[in-house]
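S.K.: need the 3D shape of this:
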Amino acid sequence: MNMSDEDVQQRLRDLFSDERLAVGSTLNPEAIVAGARRRRRRRQLMQTTTGMAAAVVMLGGGLTVFTIHDKDNGAAFPGGDQLTMGAASSSLAQPGPGSSAPAASAPVEQPNPTTAPPHSTASDGPVKPPKSTAATKPPTQRKVTSGSLLTSAGFGKLRLGMSESEAEATAGPLRAKEVRGTCTYGHADEGAAVPVSTSVSLTEGDGITVINPSGTVHTPEGIGVGSTEADILAAYPGSTKDGSAYVAPVSAVSAYRISVSDDGSAVSILLTSINQSCQFS
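M.R.: Numbering: from 1, shown residues only. As a prediction, the model looks like this:
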């Protein structure tokens with residue numbers, strides 16, 4: 001049965017006034033009841049504070065698990081709810097009279113952001129390759145200009161493709177004319193038509209197919225008597241070797257035939273139609 005403070009005080013007065021106890025003059029019922037009330041409030045406060053401190057510690061330990069990550073540098077920070085609730089819990093966890101404060105949890109160590117690599121001071125432009133100190137120029141071709149000019153079309157006034165009648169009308173009658181098979185061979189004398197005596201080969205269908213000057217000549221590209229094989233190949237990269245001569249195409253229908261000696265130097269040049277069948281007179 002629960003008794004109020006007044007009932008307790010009355011019972012204590014009746015008890016202390018009993019002559020058999022002989023304590024009425026030394027004990028005060030109000031002081032005893034007041035002391036009991038203080039002890040009861042202290043015990044209730046200690047129980048309440050201890051329960052709240054335990055709840056705060058458990059809540060704080062659970063909230064430290066949840067973190068958010070910064071999207072830019074990956075560093076972890078406490079969530080906004082955790083900071084708010086942590087501040088509230090710290091204010092609620094004040095120790096009461098006679099109670100000991102709970103141990104503070106260790107702060108979460110924040111990782112250092114990744115150090116950015118130092119900015120390169122090198123130029124962002126393309127890296128230029130080192131200049132070569134070795135000579136890269138091909139050997140200079142020696143130009144020959146001595147003698148008469150033999151072009152890819154003809155010599156003097158004679159032209160590839162001229163018929164026999166056209167050739168004789170231009171250079172006069174052909175000397176030492178000789179017919180072998182389908183080919184006719186002859187010589188045009190030096191004069192107004194040709195600078196030096198010139199042998200020709202011709203057919204009825206193709207006209208003049210070979211023009212072979214007897215004197216010294218040179219080509220527009222600077223190849224002539226004394227030119228080396230290197231000079232010939234430099235002037236006419238498409239040249240091919242045919243026996244002791246180089247065949248150098250110079251147009252769609254004509255080529256130079258450059259004869260060379262044993263030491264590789266040019267000794268004579270003639271003009272021929274491509275794919276002709278007459279001999280080189």
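S.K.: what is the burial count for D14?
M.R.: 10 (other C-beta atoms under 10 Å). C-beta coordinates here come from the backbone N, C-alpha and C atoms, glycine included.
S.K.: identify the bridge partners of the closest residue to G161 other than its chain neighbours.
M.R.: In space, and not counting its chain neighbours, G161 is closest to G207: 4.5 Å by C-beta to C-beta, 6 or more residues apart in numbering. Beta-bridge partners for G207, by DSSP bridges, are T203.
S.K.: relative to L45, how far out is G207?
M.R.: 135 Å (C-beta to C-beta, to the nearest Å).
S.K.: okay, the two: which has more neighbours?
M.R.: Using other C-beta under 10 Å as the criterion, G207 and L45 rank with G207 on top: 18 against 14.
S.K.: confidence score at the more buried one?
M.R.: Note on G207: pLDDT of 97.
S.K.: which residues touch it?
M.R.: G207 is in contact with 160-164, 166-167, counting by C-beta atoms under 8 Å, 6 or more residues apart in numbering.
S.K.: which among those end up buried?
M.R.: 160, 162, 164, 167 (16 or more other C-beta atoms under 10 Å).
S.K.: just name the closest of those residues to Q276, please.
M.R.: When the buried ones among the contacts of G207 are compared for distance to Q276 (C-beta to C-beta), L160 wins out at 9.2 Å.
S.K.: name the nearest of the contacts of G207 relative to G243.
M.R.: G243 lies nearest to L160 out of those, by C-beta to C-beta, at 22.2 Å.
S.K.: contacting residues for L270?
M.R.: Counted by C-beta under 8 Å, 6+ apart, L270 has contacts 150, 210-213, 256-257, 280.
S.K.: that one belongs to a strand?
M.R.: Yes: according to DSSP: H, G, I helix; E, B strand; the rest coil, L270 belongs to a strand.
S.K.: show me where the stretch 151-281 of the chain has its strands.
M.R.: 154-155, 158-159, 175-180, 183-188, 198-203, 207-213, 217-218, 240-242, 245-249, 254-260, 266-273 (DSSP state E, counting those that start in this stretch).
S.K.: other SSEs contacting the first one?
M.R.: Using 3 or more C-beta pairs under 8 Å, 6 or more residues apart in numbering; DSSP states H and E as the contact definition, the elements that strand 154-155 packs against are strand 207-213.
S.K.: the strand it packs on vs strand 198-203, what angle?
M.R.: Angle of strand 207-213 versus strand 198-203, following axes from the mean of the first three to the mean of the last three C-alpha atoms, to 10 degrees, is 160 degrees.
S.K.: re earlier: PyMOL command for the buried members of the contacts of L270?
M.R.: This is how PyMOL selects the buried members of the contacts of L270, with burial counted by 16+ other C-beta under 10 Å:
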select buried, resi 150+210+211+212+213+256+257+280
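S.K.: ok, the contacts of L270 vs G191, which is closest?
M.R.: Using C-beta to C-beta, these come closest to G191 at P213, 13.2 Å.
S.K.: and the pLDDT for the nearest residue to the closest one once chain neighbours are set aside?
M.R.: Excluding its sequence neighbours, the residue lying closest to P213 (C-beta to C-beta, 6+ apart) is T198, at 4.9 Å. On pLDDT, T198 comes in at 97.
S.K.: with M52 instead?
M.R.: pLDDT, M52: 74.
S.K.: which helix or strand contains it?
M.R.: Using DSSP states H and E, M52 sits within helix 29-63.
S.K.: which one of the contacts of G207 is nearest to A266?
M.R.: Closest to A266, out of all of the contacts of G207 and judged by C-beta to C-beta, is L160, at 20.9 Å.
S.K.: surely the closest one meets A255?
M.R.: No: using C-beta atoms under 8 Å as the test, L160 is too far from A255 to be in contact (10.5 Å).
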